[in-house]
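Enquirer: Turn this into a structure:
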Amino acid sequence: MPYSPLVSILTPTYNQELFIADCITSVLAQSYSNWEQIIIDDGSTDVTAEVVRGFCDKRIHLLRQANRGIEALAHTYREAFRHAQGEIIAILEGDDSWPAEKLATQVPVFADHKIVLAYGAFQESDASGQLNKQLSRSVRRRRELSKSILFNDPVGAATRYMLRADGLDLIPECTVLVRRSALEAVGGFQYVPGLCTTSFPTFLRLGLIGQFNYTPDVMGYRRRHATSASLRYFDQMMEGAHRHSVELVEKKVIQLSEPERKAIDSTWRQAVYWRHFTVGRRLLTQKRWKEARARFQRALNPLLPTTFFASMAGWILGAFHHDLEPILGSLGKARWHSKANSIVGKGTP
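Expert: Okay, here's the model as predicted:
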């Protein structure tokens with residue numbers, strides 16, 4: 001018989017009434033049919049739950065809980081995982097979506113028992129679902145990585161890279177499938193106090209127990225909008241990821257040479273400038289001009305030309321009460337604001 005295990009798709013969602021239908025529709029469109037989708041609503045104050053209930057498919061399960069917030073995301077994933085029956089676990093947040101052949105492409109690789117995680121390339125879209133014309137920085141960077149890192153072969157190669165700031169986004173959540181037994185072996189979705197994400201610490205630990213499978217094909221669509229959790233909590237996520245990386249290096253969870261340790265530290269020092277630019281860009285979309293300009297000023301580093309000139313543009317535009325989105329949109333990047341954002345943001349704690 002062909003290998004066709006049940007895939008449990010874990011979908012946390014909060015106030016995503018405008019996006020959750022696209023998410024579910026992309027799952028229903030999968031050519032691989034042996035799946036269940038467990039949607040866990042973190043106390044939405046909009047009509048997210050009603051939208052989900054409008055889909056009549058017995059494979060779709062809605063769980064609701066009182067709002068726990070982004071800080072408890074690991075616990076939300078654990079609750080969804082507790083209800084999952086599948087041998088393979090997929091991650092698909094409520095504002096993201098998949099191409100139709102995603103599961104059919106990735107599930108078969110798990111017939112090889114050395115594989116604990118499969119992932120692929122992703123494409124970004126704006127709030128309306130319009131796909132980027134330009135590839136993201138992380139996608140371009142991934143094309144330059146060795147097969148050793150991409151496939152975590154030998155085991156630990158990807159973890160060693162993910163300890164770097166530029167390795168933080170090696171594995172896009174919306175493209176990931178994980179072997180259930182491997183996830184259980186590392187203790188499930190990892191909770192790290194002060195870190196507003198569970199994927200980063202979880203993938204780090206999975207990288208210590210088995211190989212990965214990577215495909216350069218697009219295996220997920222990530223929607224970028226100013227109210228998405230990954231942007232609203234970008235500061236905290238970066239700070240938390242840095243602290244966690246330092247902690248793992250100091251605990252010697254993986255053996256590193258002194259040059260490797262210094263290189264890791266250097267990437268985090270440089271990442272501070274991109275972090276300030278990203279936060280500044282988001283503040284411009286919120287018309288918080290003074291705060292945005294302060295962030296752009298902190299992002300100015302002539303040794304990082306791309307960040308420097310983008311930050312300079314943001315600083316100047318902020319003085320005239322304009323944001324960067326029209327310029328970035330003309331360059332093929334996803335715009336972070338739209339008419340939808342004011343609706344999506346209602347009820348956000």
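
Enquirer: From here on, just use CA atoms for contacts and neighbour counts.
Expert: Noted.

Enquirer: Quick check: phi and psi on the residue nearest the centre of the chain?
Expert: Geometric centre of the chain, nearest residue: Glu173, 4.4 Å, by CA atoms, centre = their mean. Torsion angles at Glu173 (phi, psi; degrees, to the nearest 10) stand at phi -50, psi -40.

Enquirer: That one touches Ile89, doesn't it?
Expert: No. Glu173 is beyond contact range of Ile89, at 11.8 Å (criterion: CA atoms under 8 Å).

Enquirer: Quick check: neighbours of the strand or helix carrying Gln37 in the sheet, parallel or antiparallel?
Expert: In this assignment (DSSP states H and E), Gln37 forms part of strand 35-42. Using DSSP bridges, the strands paired with strand 35-42 in its sheet are strand 7-13 (parallel), strand 60-65 (parallel).

Enquirer: Compute the mean per-residue pLDDT across that strand, please.
Expert: Per-region confidence: strand 35-42 scores 98 on mean pLDDT.

Enquirer: Can you give the distance of that strand from its chain's centre?
Expert: The chain centre lies 17 Å from the centre of strand 35-42; the measure is CA atoms, centre = their mean, to the nearest Å.

Enquirer: Could you do stretch 294-305 as well?
Expert: 25 Å.

Enquirer: returning to what we had before: mean neighbour count, the strands paired with strand 35-42: which tops it?
Expert: strand 7-13 (a mean of 24; mean count of other CA atoms under 10 Å).

Enquirer: where in the stretch 1-150 of the chain is pLDDT low?
Expert: Counting by pLDDT under 70, the stretch 1-150 of the chain has low-confidence residues at 134-135.

Enquirer: any idea where the helices of it begin and end?
Expert: With helices called from DSSP state H, counting those that start in this stretch, the stretch 1-150 of the chain shows them at 20-28, 48-53, 73-83, 102-106, 137-142, 147-150.

Enquirer: What of the stretch 151-300 of the chain?
Expert: For the stretch 151-300 of the chain, the helices defined by DSSP H, counting those that start in this stretch occupy 157-162, 180-185, 199-206, 229-232, 234-251, 258-285, 289-298.

Enquirer: in terms of contact, does Lys102 touch Met219 like I think?
Expert: Yes. Counting by CA under 8 Å, Lys102 does reach Met219; the two are 5.4 Å apart.

Enquirer: Between the two, which has more neighbouring residues?
Expert: With neighbours defined as other CA atoms under 10 Å, Lys102 and Met219 compare such that Met219 has more, 26 against 22.

Enquirer: what sits against Phe277?
Expert: Arg295, Phe296, Ala299, Thr307, Ala310, Ser311 (CA atoms under 8 Å, 6 or more residues apart in numbering).

Enquirer: ok, so of those, who is nearest Ala121?
Expert: Distances from Ala121 to the contacts of Phe277, taken as CA to CA, are shortest for Thr307 (23.6 Å).

Enquirer: Return the backbone torsion pair for that closest one.
Expert: Phi and psi for Thr307, reported as degrees, to the nearest 10, are phi -60, psi -40.

Enquirer: and the end-to-end length of stretch 79-88?
Expert: For stretch 79-88, the separation between the terminal residues is 16 Å (CA to CA, to the nearest Å).

Enquirer: That one: how far from the chain's middle?
Expert: 20 Å.

Enquirer: Now for Ser138, how many residues are close by?
Expert: 17.

Enquirer: circling back to that earlier point, nearest to Gln190, of the helices of the stretch 1-150 of the chain?
Expert: Once the helices of the stretch 1-150 of the chain are compared by CA to CA, helix 73-83 is nearest, at 6.2 Å.

Enquirer: Going by neighbour count, list what's buried in that closest one.
Expert: Leu73, Ala74, His75, Thr76, Tyr77, Arg78, Glu79, Ala80, Phe81 (16 or more other CA atoms under 10 Å).

Enquirer: Put together CSV for those, with distance to Arg59 on each row.
Expert: CSV is the format used below for those (distance: CA to CA, whole Å):
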residue, distance to Arg59
Leu73, 23
Ala74, 23
His75, 23
Thr76, 20
Tyr77, 18
Arg78, 19
Glu79, 18
Ala80, 14
Phe81, 15
